[in-house]
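>>> no FASTA, just this:
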């Protein structure tokens, strides 16, 4: 057997030994407190970033570019994997988490500025992101390095995903919508792995957010206010 699979199964044995009794209350139903939409990048550990070890606490969705948008014949709609817990399990909090150095945002930026050729599956993801990022590319300040431009657009993308959720008739007005960025590249500070809140229910002004949410004021930050 492939050694990676052997190691994965060994890790799962440790997991099962630890978690066996933790499923008692959630074997037959789930009522997660939040749905998180993160990039599927291997460096972004969805549960561990919140120090979560509780089954049933978080409904985790992952895709490249932390997209909440799904394309259908009827147009763009909220992705079903994001919508499910909000519609069916009583979940009232959605957190969209981008991350520094995002490859999907990088590829979309390159596609917009220079053109890009990718296999159809990846191309579909880029094409889904592209119309939401194009206005942000136009707003970028002159003279930015590619890395800085991408991290600006990471924030812009999170804002657009939150905006899409806010504009959907499928999302109840009572759902709290939060946008954040996971930093492992020292963009916001020197504590790698920190989540920085950049958007709450569509509000993106840092000082306003800090005033409205004093209990997390030190966790609210942006690298780009456009």
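Done, it's in. Just so it is clear, the structure is predicted and the values come from calculations on it, not from any experiment.
>>> give me the number of residues near residue 173?
Residue 173: 6 surrounding residues under other Cβ atoms under 10 Å. Just so you know, the C-beta spots here come from the backbone N, C-alpha and C atoms, and that holds for glycine as well.
>>> give me the distance between it and residue 187.
When Cβ to Cβ, to the nearest Å is the yardstick, residue 173 and residue 187 sit 33 Å from each other.
>>> what's the answer for residue 135, then?
Separation of residue 135 from residue 187 (Cβ to Cβ): 22 Å.
>>> and the two? which has more neighbours close in?
residue 187 (18 against 11).
>>> would you list the phi and psi of the residue nearest to the more buried one when sequence neighbours are not counted?
Using Cβ to Cβ, 6 or more residues apart in numbering and skipping the chain neighbours, the partner closest in space to residue 187 is residue 100 (4.7 Å). Per-residue torsions, residue 100: phi -60, psi 140 (degrees, to the nearest 10).
>>> what confidence value was assigned to residue 100?
The confidence metric pLDDT takes the value 98 at residue 100.
>>> OK, contacts around it?
Residue 100 sits next to 151, 154, 181, 182, 183, 184, 185, 187, 188 when contact means Cβ atoms under 8 Å, 6 or more residues apart in numbering.
>>> highest neighbour count among those residues?
Going by other Cβ under 10 Å, residue 154 tops these with 31 neighbours.
>>> which residues sit in contact with it?
Residue 154 neighbours (Cβ under 8 Å, 6+ apart): 98, 99, 100, 101, 102, 105, 181.
>>> what sits closest to it if chain neighbours are left out?
residue 98 (4.5 Å).
>>> report the beta-bridge partner residues of that neighbour.
residue 181 (DSSP bridges).
>>> do I have it right that it meets residue 159?
No - using Cβ atoms under 8 Å, residue 98 is not in contact with residue 159; the gap is 9.4 Å.
>>> now do the shared contacts for these two.
Counting by Cβ under 8 Å, 6+ apart, the residues touching both residue 98 and residue 159 are residue 179.
>>> of these two, who's got more company?
Using other Cβ under 10 Å as the criterion, residue 98 and residue 159 rank with residue 98 on top: 30 against 22.
>>> dump the residue contacts of the more buried one.
Here residue 98 is in contact with 39, 66, 105, 154, 155, 157, 158, 179, 180, 181, 182 (criterion: Cβ under 8 Å, 6+ apart).
>>> switch to 7 Å and redo it
Each residue near residue 98 by Cβ atoms under 7 Å, 6 or more residues apart in numbering is listed here: 39, 66, 154, 157, 158, 181.
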